[in-house]
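Novice: just to be clear, the model below is a prediction. Sequence and coordinates:
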Amino acid sequence: MSGCGCDGGQLIPVEQAIAHLLDQVPPPPAVQDIALEQALGRVLAADVQAPLNLPGWDNSAMDGYAFRAADLPPAGGRLTLAGRIAAGQAADRPLAAGQAVRIFTGAPLPPGADTVAPQENCRVEGEHVWLPQASPGEHVRQQGEEVQCGQRLLKAGQRLRAQELGLLAAAGIARVEVYRPLRVCLLSSGDELREPGQPLAPGQIYNSNRYCLSALLRGWGVEVHDYGVMADELAASQHALSLASSECDLLLTSGGVSVGEEDHLKQAIEELGHVDFWRLAIQPGKPLAFGEVAGKPWLGLPGNPSAALVTALVVVRPFLLRAQGVSEVLPRPVALPADFEWAQRNRRRQYLRARLELDAAGQARVQLHPQQSSAMLSAACWADGLALVECERQLRPGDPVPFLSFAELMQ
């Protein structure tokens with residue numbers, strides 16, 4: 001995806017901002033050796049080599065009969081039944097010429113056998129079995145076919161999902177080296193914020209960002225330390241930031257990145273470290289802050305809920321994943337036909353709340369929610385992803401538009 005330096009050079013393209021942030025990522029946390037059952041969502045700190053072959057021996061891919069393909073006539077024929085082998089058993093003797101054995105899925109082939117015929121294609125006739133025409137190797141899982149001993153099973157920097165845990169278990173690996181979870185401080189800024197369940201006075205709102213961002217962080221595998229709401233006072237902001245920086249690896253705030261005179265966050269951070277304020281070519285969003293508090297990285301998001309959500313998904317996520325040791329951190333958009341028209345040329349790249357719907361031909365098309373306000377989350381609840389419209393671009397129905405799935409962005 002290409003960025004654009006629109007607005008007279010005053011807006012920073014999204015890719016440029018992400019690249020700069022990735023250049024500033026600190027080393028990942030310390031390495032831990034943990035049991036496999038505790039490793040879901042953790043990031044591998046070292047490559048894992050296979051200690052054995054997978055499969056460990058030639059075995060049957062289905063229930064049927066194992067035999068030597070060379071013993072069958074071209075059109076199939078009868079072989080003598082010479083026993084049975086179930087999963088968990090081993091053949092007690094090699095298969096002689098002209099013989100076949102009853103075999104079950106996962107059972108090892110007896111020495112001499114090279115082929116399996118599915119049971120539904122065979123007929124038992126007394127002490128014999130009729131087998132159809134077959135080619136050598138049919139329905140056999142070869143030793144080392146999936147993984148060979150000494151081969152790299154998984155590489156450092158991978159987040160462990162259910163399938164990776166299953167593969168490690170299949171290789172007999174009980175413990176893995178992973179990075180300690182990243183400790184992220186979450187802070188909200190704004191005297192107008194109240195917690196759900198509390199009464200609201202005039203001018204007050206409920207703190208939706210606290211719950212939305214906390215959920216995102218947990219989905220990205222970090223350890224969330226919630227420090228609540230900072231009062232819009234310089235001394236209170238300094239105290240909260242100083243405490244958080246002493247206990248966490250990284251600080252994330254929402255709100256307080258505007259230029260209003262009641263926002264004391266910038267001054268507090270400058271007195272404890274340094275701050276860079278950026279205006280990104282992104283909508284919703286635009287104001288984003290990055291800096292350092294007492295030696296710890298700090299990211300400041302806008303306060304509007306949808307703007308905070310989108311900038312977290314697009315800009316913060318790659319930084320946090322890389323800080324955890326993840327190697328592949330950028331999402332992969334899929335180009336799909338637009339089911340909407342976009343006539344307005346914008347100076348910022350649009351991240352539009354969208355979802356996929358199938359047309360009459362079964363083709364997935366990108367539909368937009370009619371409400372794209374940066375202050376409203378209902379469109380994101382309706383959507384299952386984000387449609388990207390580059391700055392200065394127009395779209396007609398049917399034009400390809402990059403689509404980012406929430407399923408990928410939120411993990």
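Specialist: Received, thanks.
Novice: contacts, neighbours, all on C-alpha from now
Specialist: Fine.
Novice: which residues in the stretch 201-350 of the chain form helices?
Specialist: 208-219, 234-247, 265-272, 305-311, 317-323 (DSSP state H, counting those that start in this stretch).
Novice: among those, where is the model least confident on average?
Specialist: Lowest mean pLDDT of the helices of the stretch 201-350 of the chain: helix 265-272, a mean of 88.
Novice: quick one: it to helix 234-247, angle?
Specialist: When axes from the mean of the first three to the mean of the last three CA atoms, to 10 degrees is applied, the directions of helix 265-272 and helix 234-247 differ by 60 degrees.
Novice: now do the buried residues in helix 265-272.
Specialist: Using 16 or more other CA atoms under 10 Å as the test for burial, helix 265-272 gives 265, 266, 268, 269, 270, 272.
Novice: repeat for stretch 30-37
Specialist: For stretch 30-37, by 16+ other CA under 10 Å, it's 31, 34, 36.
Novice: got it, and stretch 153-164?
Specialist: Buried residues in stretch 153-164 (16+ other CA under 10 Å): 153, 154, 156, 157, 158, 159, 160, 164.
Novice: kindly provide the distance from the third one to residue 219.
Specialist: Looking back up the chat, that one is residue 156. 20 Å (CA to CA, to the nearest Å).
Novice: please apply the same query to the fourth one.
Specialist: Between residue 157 and residue 219 the computed distance is 17 Å (CA to CA).
Novice: burial of the closest residue to residue 91 other than its chain neighbours, as a residue count?
Specialist: Leaving aside its chain neighbours, residue 91 sits nearest to residue 110 (5.0 Å; criterion: CA to CA, 6 or more residues apart in numbering). By the criterion of other CA atoms under 10 Å, residue 110 has 23 neighbours.
Novice: what's around residue 125, how many residues?
Specialist: 12.
Novice: for residue 54, see how far away it is.
Specialist: In terms of CA to CA, residue 125 sits 36 Å off from residue 54.
Novice: any stretches of this protein with poor pLDDT?
Specialist: The chain contains residues with pLDDT under 70 at 1-9, 258-263.
Novice: and for it, the residue most distant from the center?
Specialist: Within the chain, residue 126 marks the point farthest from the mean C-alpha position, 55.5 Å out by CA atoms, centre = their mean.
Novice: which parts of the stretch 301-411 of the chain are strands?
Specialist: Using DSSP state E, counting those that start in this stretch, the strands of the stretch 301-411 of the chain run over 334-337, 349-358, 364-368, 385-389, 400-405.
Novice: can you give me every residue that contacts the closest residue to residue 301 other than its chain neighbours?
Specialist: What sits nearest to residue 301 in space, not counting adjacent residues and going by CA to CA, 6+ apart, is residue 254, at 4.6 Å. The neighbourhood of residue 254, defined by CA atoms under 8 Å, 6 or more residues apart in numbering, consists of 187, 188, 189, 209, 300, 301, 302, 303, 308.
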